[in-house]
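Colleague: Below are the sequence and a predicted model; questions follow.
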Amino acid sequence: MDSNTRHLATAALHFDMSVFDVFGPLLHGGSVVIPEYAVGPIPETWLELQRELRLIFGHVFQLLWNLYVA
């Protein structure tokens, strides 16, 4: 991670993994993209966000990753 990192935060803010989602990139000078709640775990929407915002990093837990690669 560095100042060019654009990270997609996929964990809900009340979930413990969100600490890494939010503070990891910020501590290294990067930026965090928090999608609207309505986006939900819809892989097509994530791909669209990834292309549109030129995201280079995202951390997802296994259930969402399975949806993403399916």
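Modeller: All right, it came through fine.

Colleague: CA only for contacts and neighbour counts going forward, please
Modeller: Noted.

Colleague: Just the pLDDT for the residue nearest to the spatial centre of the chain.
Modeller: Residue closest to the average C-alpha location in the chain (C-alpha atoms, centre = their mean): residue 8, at 2.1 Å. The model reports residue 8 with a pLDDT of 82.

Colleague: all strands of this structure, in order?
Modeller: 6-9, 31-33, 57-59 (DSSP state E).

Colleague: So which of the ones you listed is the most surrounded?
Modeller: Most buried of the strands of the chain by mean neighbour count (mean count of other C-alpha atoms under 10 Å) is strand 6-9; its value is a mean of 23.

Colleague: what comes into contact with that strand?
Modeller: 18, 21-22, 25, 30-35, 54-59 (C-alpha atoms under 8 Å, 6 or more residues apart in numbering).

Colleague: Going by distance to residue 45, which of the residues you listed wins?
Modeller: residue 35 (9.7 Å; C-alpha to C-alpha).

Colleague: And for that closest one, the neighbour number?
Modeller: 14 (other C-alpha atoms under 10 Å).

Colleague: who's in contact with it?
Modeller: 8, 9, 10.

Colleague: isn't the last one right next to residue 19, touching?
Modeller: No. The pair formed by residue 10 and residue 19 falls short of the contact definition of C-alpha atoms under 8 Å, at 11.1 Å.

Colleague: So the two - more neighbours on which side?
Modeller: The neighbour count for residue 10 versus residue 19, taken as other C-alpha under 10 Å, is higher for residue 10 (22 against 14).

Colleague: mind checking how far the more buried one is from residue 32?
Modeller: 10 Å (C-alpha to C-alpha, to the nearest Å).

Colleague: swap in residue 2?
Modeller: 12 Å.

Colleague: who touches both of those two?
Modeller: In contact with both residue 2 and residue 32: residue 25, using C-alpha under 8 Å, 6+ apart.
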